[in-house]
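kindly return the folded structure for what I paste below:
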Amino acid sequence: MMHKLPLKADHVGSLLRSAPIQSARKAYQQKEMTQAELTKVENIEIKKLVQKQIDIGLKAITDGEFRRLFWSHDFFVGLDGIEFIEVDRGIRFSDGVKTKPIAFEIVDKIKFNHHYMIEHFKFLKQTVDELGDGSQVAKFTIPAPSVIMYRYVNEREKVIYPDATDMFKDLARAYQEMVQALYEAGCRYLQFDDTTLTTFTDPKFSTMMVETTGLALPELLHTIIETTNTALQDNPEDLTTTVHMCRGNFRSKSMHADGGYDYVAPFFDQLNYDAFFLEYDDERSGGFEPLKDIKRRDVEIVLGLITSKTPTLEDVDYIKNRIQQASRFIPKENLALSPQCGFASTEEGNDLTVEQQWAKLSHVIKIAEDVWN
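Next comes the predicted model:
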């Protein structure tokens, strides 16, 4: 029997790439392996990954984003009108760490046209159904619509979309069709990953978003809410949609968004999500007080109290105390626990071993069982 979603012990989705995946992707990038050969390796490794998640007791099962180079880029280039582009330098994280020098750009009107990731989900669901006992659910993750702002704006786009609000309207329609296509493929648990809502108090990134869109911050926030809700409107009741609000995660380094959720928490009730995955693994996220602004009681707040950046297992009593502190602002029955982010937002992954990753996830499950069962 399926459990209520999201689960009391959940996870954000991406997982450290296995050695065979890393070798195969490298061979493919060097044109030593065909796409069909790469897909065969991916299928084998994803089946192993699904089995491992089931074995340790996870109920929300992902493909670890094993087929992706970058958590967001791979999705956007699957929409008509968006293409990959090589750039001079990658995205800079703390300590000067940089991602691969790739980005994406808009080259035509944005449309949905049978996104290739639909097949990725179908394989995941088929595998979960085959290996699971019926209590697991295939969970799929895609970037939130607002993540489109982390792109290269070329001269052609300025002609295609002289007004950014028109771009967001096309994007919302494309997302709405994508969500429906995933549902028709059997998806019942969909997570958006968002890196924008936590940046509104970060001068560097809020300025970047204003310059990219030409919209003032209040107008931009309204546009994000409107675009997201259009993407999720008319969702079937048995489709759970959540959002993970990310503060940057690459090779165990952070990127932006120091500060709490004070600015955006008052708007959470306006977003048509069923749950919010919030990062709370260090002081950068602030306290739990902003949670008081969430008045809805049909949503769940998933506390990202376990870090995916380091291998050290958090003190159990400390985590339980943090959950108790959060319950002063949100009833405990509306809370859940997860790592603060995925373990591999890009194919490089965070700086810990696969064994340490599984220990972290087992830690989440054990603590959640103690707290809620």
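
quick one: low-confidence parts of the chain?
The chain contains residues with pLDDT under 70 at 1-4, 87-101, 248-259.

centroid-nearest residue for it?
Central residue of the chain (Cα atoms, centre = their mean): D193, 2.9 Å from the mean position.

bridging residues for that residue?
Beta-bridge pairing of D193 under DSSP bridges involves P143, H244.

contacting residues around it?
12-13, 71-72, 141-144, 147, 243-244, 246 (Cβ atoms under 8 Å, 6 or more residues apart in numbering). (C-beta placed from N, C-alpha, C; glycine too.)

10 Å - rerun?
By Cβ atoms under 10 Å, 6 or more residues apart in numbering, the residues touching D193 are 12-14, 65, 71-72, 75, 141-144, 147, 242-246, 249, 277, 341-342, 345.

how about N373?
Here N373 is in contact with 8-9 (Cβ under 10 Å, 6+ apart).

flag every buried residue along the longest strand anywhere in the chain.
If you go by DSSP state E, the chain has its longest strand at strand 102-111. Neighbour counts over strand 102-111 (16 or more other Cβ atoms under 10 Å) mark 102-106, 110 as buried.

quick one: strands adjacent to it?
strand 80-86 (antiparallel).

in the partner strand, which residues are buried?
So, applying 16+ other Cβ under 10 Å, buried residues of strand 80-86: 80-82, 85.

D108 contacts I160, doesn't it?
Yes: proximity of D108 to I160 meets the contact threshold set by Cβ atoms under 10 Å, at 6.5 Å.

quick check: neighbours shared by those two?
Applying Cβ under 10 Å, 6+ apart, one finds that D108 and I160 are jointly contacted by G81.

quick one on the thing from earlier: the residue nearest to the centre of the chain and R247, how far apart?
Between D193 and R247 the computed distance is 12 Å (Cβ to Cβ, to the nearest Å).

intersection of neighbour lists for the two?
The overlap between the contact sets of D193 and R247 (Cβ under 10 Å, 6+ apart) consists of C341.

give the helix, strand or coil label for L278.
Put simply, L278 is strand when judged by DSSP: H, G, I helix; E, B strand; the rest coil.

what residues are up against it?
198, 243-247, 261, 265, 268, 285, 288, 290-291, 301-305, 326, 338, 340.

and the buried ones among those, selectable in ChimeraX?
To isolate the buried ones among the contacts of L278 in ChimeraX, judged by 16+ other Cβ under 10 Å, type:
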select :198,243,244,245,246,247,261,265,268,285,288,290,291,301,302,303,304,305,326,338,340
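
okay, helices next: where are they in the stretch 1-150 of the chain?
Assigned by DSSP state H, counting those that start in this stretch, the stretch 1-150 of the chain shows helices spanning 19-29, 35-56, 73-76, 117-131.

what's the most buried one of those helices?
With neighbours taken as mean count of other Cβ atoms under 10 Å, the helices of the stretch 1-150 of the chain reach their highest mean count in helix 73-76, at a mean of 23.

count the neighbours of the residue nearest to G260 when sequence neighbours are not counted for me.
Nearest non-adjacent residue to G260, counting by Cβ to Cβ, 6 or more residues apart in numbering: G286, 2.3 Å away. Each residue near G286 was counted by other Cβ atoms under 10 Å, and the total is 15.

over to N321?
N321: 11 neighbours (other Cβ under 10 Å).

which elements pack onto the helix or strand hosting it?
Using DSSP states H and E, N321 sits within helix 316-326. Contacts defined by 3 or more Cβ pairs under 10 Å, 6 or more residues apart in numbering; DSSP states H and E place helix 316-326 against strand 300-306, strand 335-339, helix 354-372.
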